[in-house]
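Asker: One predicted model, sequence on top.
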Amino acid sequence: MRWFWIDRFIEFESGSYAKSVKNVTLAEEHLHDHFPGFPVMPGSLMIEGLAQTGGILLGEINDFEHIVILAKVPQMTFHSWACPGDQLIYTAKITNSGEEGGAVDVTAMVGDRLVAEGSIIFVHLDQSDSEFGAIDQKNFVFSMNLLGILDVGKAGTGEDQG
Amino acid sequence: MPTRDEIFDSVRETLVDALGLDDDEVVPEATLMGDLGAESIDFLDIAFRLEKAFDIKIPRGELFPENIASSDSGFVKDGVFTEAGIAELRTKMPHADIDSFADDPKVENMQDLFTVDMLVNFLEARLA
């Protein structure tokens, strides 16, 4: 499995907001354990998808010059859940961005139903920082691999072929 | 310009939200790390929230100075701030109670400079 918790971006307004899609499918192994007979998308992985959406949005401001790390989730409220067949729409809006990092307000919706809302704070890290070696790379919001999400759909969607 | 009491109320609300506290825990003399359980990453959250609450920009390092206490800063010797270091703190942190700190200027005590009162002082000076 690859650490992609969004499938593609559907809107991207540089420095402002981004919307991405996450299609929940029974092909995802973890849904068979979470929970047996009641498969629902884990909240922690929704946060990861929201952080990937917001982290790429934030990183793009500086042309991905900084590594963006999820630093804190000050608040996140789950109002509902998402199950296989649902399409989650993640929206991240930048509320603050600066030299040190930034913050986004996020929502996760299925159709008109609000599934989760909250905020996420990120910090910037550069390879020259003394703390760099101490950080587990798994905490990085994006790597060059993850940025491949930005290419999804560039070849055109099926709709174009109709 | 808001009064000192109004600033304190906003600071309290900010800290309650950022650190998950009860209202009555946030008193002027409370230290952010020791008493209120803030970690370094919370400082960024607090700075962001104060910027929003007061519609100001807080430049990096102005509210919570960085690197003063590092071993190669020249301001610290054997884990204690030198006279020059204390002078530097007075310059960089006019909003903090350096006088009390100067009585026992160990590096480990520096975090006690970060109090609720310090935030209020900083904002009062900034908003004046």
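Answerer: Cool, got the structure.
Asker: quick one: stretch A:23-33 to chain centroid distance?
Answerer: Average the C-alpha atoms of stretch A:23-33, do the same for its chain, and the two points are 17 Å apart (Cα atoms, centre = their mean, to the nearest Å).
Asker: what distance separates the start and the end of that stretch?
Answerer: Terminal residues of stretch A:23-33 are spaced 18 Å apart (Cα to Cα, to the nearest Å).
Asker: Buried residues of it, list them for me.
Answerer: Using 16 or more other Cβ atoms under 10 Å in any protein chain shown as the test for burial, stretch A:23-33 gives A:24, A:28, A:31. (Glycine included, C-beta is placed from N, CA and C.)
Asker: Please tell me I have it right and residue B:47 contacts residue B:61.
Answerer: No: applying Cβ atoms under 8 Å as the test, residue B:47 and residue B:61 come out as separate, 10.2 Å apart.
Asker: More neighbours: those two, which one.
Answerer: Neighbours per residue (other Cβ atoms under 10 Å in any protein chain shown) separate residue B:47 from residue B:61, with residue B:47 holding more: 23 against 13.
Asker: measure the more buried one to residue B:18 for me?
Answerer: The gap separating residue B:47 from residue B:18 is 10 Å, by Cβ to Cβ, to the nearest Å.
Asker: cool, residue A:121 as well?
Answerer: Going from residue A:121 to residue B:18 by Cβ to Cβ gives 10 Å.
Asker: Name the residues contacting each of the two.
Answerer: Shared contacts of residue A:121 and residue B:18, defined by Cβ atoms under 8 Å, 6 or more residues apart in numbering or on different chains, are found at A:74, B:45.
Asker: most centrally placed residue in chain B?
Answerer: residue B:114 (3.3 Å; Cα atoms, centre = their mean).
Asker: Just give the closest residue to it, not the sequence neighbours.
Answerer: Closest residue to residue B:114 apart from its sequence neighbours, by Cβ to Cβ, 6 or more residues apart in numbering or on different chains: residue B:32 at 4.4 Å.
Asker: likewise residue A:93?
Answerer: Distances taken as Cβ to Cβ, 6+ apart place residue A:17 nearest to residue A:93, at 4.3 Å, with adjacent residues excluded.
Asker: Give me every residue in chain B lying close to chain A.
Answerer: B:17-18, B:41-42, B:44-45, B:48, B:51-52, B:60 (Cβ under 8 Å from any Cβ of the partner chain).
Asker: Assess the claim that residue B:1 and residue B:128 are in contact.
Answerer: Yes: with contacts counted by Cβ under 8 Å, residue B:1 reaches residue B:128, the gap being 6.5 Å.
Asker: which stretches of chain A have low pLDDT?
Answerer: Residues of chain A meeting the criterion pLDDT under 70: A:1, A:128, A:130-145, A:161-162.
Asker: How about the residues of it by chain B?
Answerer: So far as Cβ under 8 Å from any Cβ goes, chain A lies against chain B at A:71-72, A:74-75, A:95-96, A:98-101, A:103, A:121, A:123.
Asker: Alright, that wraps it up for me.
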